[in-house]
Each structure stands twice: as C-alpha cells, then as structure tokens.
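Engineer: Structure for the following, please:
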Amino acid sequence: MSTKAATCAICAMLAIAAAPLASSASTEAGSWTATASMSTPRDNLTTTPLDNGRVLVVGGVGESTTELYDPPTGTWIPGGTLNQPRWLHEAVRLRDGPATLLRDGRVLVAGGFSGNGTGVQASAELYDPATGRWTSTGSLRTPRRNHTAALLADGTVLVAGGFNSDGWLRDAELYDPGRGRWKRVAPMTIPREHASATPLGDGEHVDPARQPDHDAARKWPRPRGRWGR
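Structural biologist: Numbering: from 1, shown residues only. Predicted structure coming up:
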C-alpha cells in the first residue's frame with residue numbers, strides 16, 4: 001500500500017472513531033474494521049461528528065477541501081470548500097446553548113496554519129450541514145495554531161493557548177455565535193499548546209500541555225471569567 005493510501009485509510013478509521021457510530025460490520029465489541037478511504041490524503045485535520053450521524057473531516061496540510069463520511073453506506077462525499085486552506089486548526093460543533101444562541105449543529109473552525117504553512121491565521125468559518133456551505137465569520141483576536149477550543153454551557157466557544165510567531169500563547173478568547181464575534185478574556189497563568197479542554201459543568205478544565213509546561217492544569221470557571229487551579 002502506498003504512503004498516501006495508508007494515510008488515507010488510517011485517517012478514515014480515526015474519523016469514524018471520533019463519533020459513536022453503529023455499524024453491523026464490527027465482528028466484536030471494541031474491534032476495528034477497515035472502511036472506504038477518503039478521496040484526499042490529509043494530515044493535521046479535524047474530525048467532527050454531526051447531528052445527522054455523518055462525520056465532517058476538515059482541511060489538512062495545504063488543503064481547503066472537506067469530506068463527509070456516511071456510516072450507513074460506508075462512503076465519503078464532498079463536504080464543500082473552505083474559504084481558507086487550514087491545518088492544525090480547531091473545530092467545534094455549535095449546539096446545546098440557550099435558545100437565544102445557535103442550536104442548529106453548525107460547525108465552527110478557527111485558526112491554524114494557512115496554505116502550506118506560510119503563516120498562522122486568525123480567520124474562522126462556519127459549516128452549515130443543512131446547506132453544505134462554508135461562510136466566513138469573525139476572526140480570532142489573536143492568530144494561533146495548536147490551540148484548544150471547547151463549547152461552553154452558555155453556547156459560547158472558549159479558545160485558549162496555541163502558538164504563533166510570538167511563541168507559546170497563554171491568552172484566551174470567547175466566540176459568540178449569535179453575534180459572530182470574538183472577545184478577549186482573562187489569559188491562562190502559563191502558555192500552552194497541544195492542550196485539551198473538557199467541560200466540567202462549573203468550569204472548563206484544560207489538561208496539561210505538551211510545552212512548555214508538562215504538569216500544570218487550569219480551570220475556566222464561569223461566570224467569574226478567571227482561570228484557577
């Protein structure tokens with residue numbers, strides 16, 4: 001198998017693992033089975049489960065294409081073209097917010113490298129599963145890659161950390177889906193990239209980052225808007 005084909009097949013399996021999909025092809029609980037390869041080999045992509053059961057795959061090095069995996073048929077279909085190629089970005093599904101905010105399952109992607117890695121970008125886009133189209137939304141206040149993003153209980157999206165030409169970042173910002181805008185919030189106590197964020201109900205827990213600190217973790221408690229241990 002060629003390197004590209006192998007990458008394609010591996011990414012396909014990873015995409016499926018990103019969502020709880022029912023499949024009659026599994027021979028036993030916890031097993032892996034091969035499925036159709038993506039039409040485009042890609043790395044440093046994101047995978048996002050949609051409300052309709054499909055999985056959205058976005059970007060990759062130098063890629064502006066997206067694809068959708070359809071579990072019932074085991075096939076991939078085009079998912080529309082990004083306005084900006086991006087990789088090492090973040091993707092978040094907008095849902096579960098209060099009625100005053102969006103609850104339609106659209107997907108927000110933000111930041112990452114542009115093109116073939118010529119620069120870190122601040123642009124952000126929204127994918128609408130109902131139309132299959134991408135539209136631009138407000139840009140991040142700070143360009144960043146390798147950041148973390150998480151949907152909060154009030155429907156806003158918290159983005160924190162990452163890396164750009166200034167080095168490792170500790171600043172954070174919130175995206176308001178109703179207004180399509182970002183605003184700065186209190187920075188983390190230390191910079192971090194490759195972190196992960198997990199909802200805790202009373203706050204947002206950021207797991208230890210790869211660099212420059214390996215063991216510290218911080219919480220984002222709402223509505224105080226401060227980071228704590």
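
Engineer: Roughly how far does Thr81 sit from Ala149?
Structural biologist: Distance of Thr81 to Ala149, computed by CB to CB, to the nearest Å: 22 Å. Where you see a C-beta, it was placed from the backbone N, CA and C, and this is true even at glycine.

Engineer: Who has more neighbours out of those two?
Structural biologist: Neighbours were counted for Thr81 and for Ala149 using other CB atoms under 10 Å; Ala149 has more, 22 against 12.

Engineer: Could you verify that that one is part of a helix?
Structural biologist: No: judged by DSSP: H, G, I helix; E, B strand; the rest coil, Ala149 forms no part of a helix; its state is strand.

Engineer: can you tell me which residues contact it?
Structural biologist: Glu90, Ala91, Val92, Leu108, Ala110, Val157, Leu158, Val159, Ala197 (CB atoms under 8 Å, 6 or more residues apart in numbering).

Engineer: for these, which one is nearest Ser139?
Structural biologist: Each of these was checked against Ser139 using CB to CB; the closest is Ala110, at 8.3 Å.

Engineer: Give me the pLDDT value at the closest residue to the closest one other than its chain neighbours.
Structural biologist: Closest residue to Ala110 in three dimensions, ignoring its sequence neighbours and counting by CB to CB, 6 or more residues apart in numbering: Ala124, at 3.9 Å. What the model reports for Ala124 is a pLDDT of 95.

Engineer: distance of Ala124 from Tyr175?
Structural biologist: Distance, Ala124 to Tyr175, using CB to CB: 7 Å.
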